[in-house]
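[1] No sequence on hand, only this structure:
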């Protein structure tokens with residue numbers, strides 16, 4: 001009757017958020033660290049085809065990751081789910097979130113044996129261009145680890161002889177090494 005229709009699906013915003021943790025916060029060269037990313041949508045609308053990225057710095061030599069549903073959220077036309085359940089290296093994948101849904105990404109990364117200093121890691125969640133995110137400030141999370149030089153101490157003791165006569169003497173050489 002001459003009325004116009006309004007697309008209400010674009011009127012309801014989403015609120016994606018990323019919270020990231022690292023264990024341990026102080027690590028040694030060559031050690032493994034574990035990053036836990038919790039990505040969620042507090043609504044009030046559901047959202048599909050979001051992008052989740054987590055790029056590792058040059059401080060790391062390798063990484064494996066997996067994704068699982070932490071909280072399925074309120075049932076809607078969009079189901080909370082990982083675009084890809086696991087992978088290696090950096091995370092760059094899609095995900096979908098019902099209202100109140102969240103995913104957990106676990107990244108196990110190995111530090112380079114030659115890196116020392118601060119390892120910074122950033123995770124980002126982004127919505128498709130047609131969707132409005134009401135709070136962009138919580139779509140990024142950064143954590144740092146302090147990476148200390150590793151030591152590899154060894155000690156050896158030798159007297160240079162296979163036998164010693166009872167009542168005799170022997171001299172020992174003690175060698176302490178740090179192979180770094």
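    It's in. Because the structure is a prediction, the values reported are computed rather than measured.
[2] center of the protein, which residue is that?
    Geometric centre of the chain, nearest residue: residue 35, 2.9 Å, by Cα atoms, centre = their mean.
[3] Pairing partners for the strand or helix carrying that residue, with directions?
    Here residue 35, judged by DSSP states H and E, is contained in strand 32-41. If you go by DSSP bridges, strand 32-41 pairs up with strand 16-23 (antiparallel), strand 102-111 (antiparallel).
[4] Go through it and flag the buried ones.
    33, 35, 37-41 (16 or more other Cβ atoms under 10 Å). (C-beta placed from N, C-alpha, C; glycine too.)
[5] hmm, back to that, out of the strands paired with strand 32-41, which one sits most buried?
    strand 102-111 (a mean of 20; mean count of other Cβ atoms under 10 Å).
[6] State the mean pLDDT of that strand.
    Strand 102-111 carries an average pLDDT of 97.
[7] Could you tell me the per-residue confidence at residue 56?
    93.
[8] so it makes contact with residue 121?
    Yes. Using Cβ atoms under 8 Å, residue 56 is in contact with residue 121, at 6.4 Å.
[9] Mutual contacts of the two, please.
    Counting by Cβ atoms under 8 Å, 6 or more residues apart in numbering, no residue touches both residue 56 and residue 121.
[10] which residues touch residue 161?
    The contact partners of residue 161, taken as Cβ under 8 Å, 6+ apart, are residue 170.
[11] tell me the SS of it?
    The three-state assignment at residue 161 reads coil, by DSSP: H, G, I helix; E, B strand; the rest coil.
[12] re earlier: go through the strands paired with strand 32-41 and name the closest to residue 163.
    strand 102-111 (46.5 Å; Cβ to Cβ).
[13] Can you give the strand pairings for the helix or strand that the closest one is followed by, parallel or anti for each?
    The element immediately downstream of strand 102-111 (helix or strand, assigned by DSSP H and E) is strand 117-126. Strand 117-126 sits in its sheet next to strand 47-55 (antiparallel), strand 140-148 (antiparallel), going by DSSP bridges.
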